[in-house]
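>>> below is the structure, and that's it, no one-letter string:
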């Protein structure tokens, strides 16, 4: 329900990225960890995002994707 309300409010002229929406909808320690990891100096240096992507929480999304793929590969039976 919160997501639906937030999504409806986010239909104005300045749309948020998917990660910005997730950041607003999901709160907690895991979300804070993602933001902290995305600010890690070596990570920021490695990915070197354009400023527009940095503002849209792209680094946080990349950390989330990495951890999701890592978890998926760890739980897969090969």
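Thanks, I have the structure now. Remember, it's a predicted structure, so these values are computed and weren't measured experimentally.
>>> counting by contacts, list what the longest helix that the chain contains packs against.
Looking across the chain with DSSP state H, the single longest helix is helix 58-75. Helix 58-75 makes packing contacts with helix 18-25, helix 29-38, helix 41-47 when contacts are defined by 3 or more CB pairs under 8 Å, 6 or more residues apart in numbering; DSSP states H and E. Heads up, the C-betas are built off the backbone N, CA and C, glycines and all.
>>> out of those, the one nearest residue 71 is which?
Closest to residue 71 of the helices and strands packed on helix 58-75 is helix 29-38 (CB to CB; 12.0 Å).
>>> could you report the pLDDT at residue 40?
On pLDDT, residue 40 comes in at 92.
>>> how far away is it from residue 72?
Residue 40 sits 22 Å away from residue 72, going by CB to CB, to the nearest Å.
>>> about what we covered before: point out the most buried one among the helices and strands packed on helix 58-75.
Mean neighbours per residue, mean count of other CB atoms under 10 Å, is largest over those for helix 18-25, with a mean of 16.
>>> low-confidence ranges, this structure, go.
Residues of the chain that meet the criterion pLDDT under 70 lie in 1-14, 77-78.
>>> which residues touch the residue lying closest to residue 37 once chain neighbours are set aside?
Distances taken as CB to CB, 6 or more residues apart in numbering place residue 63 nearest to residue 37, at 4.7 Å, with adjacent residues excluded. Shown in contact with residue 63 (CB atoms under 8 Å, 6 or more residues apart in numbering): 34, 37, 38, 43.
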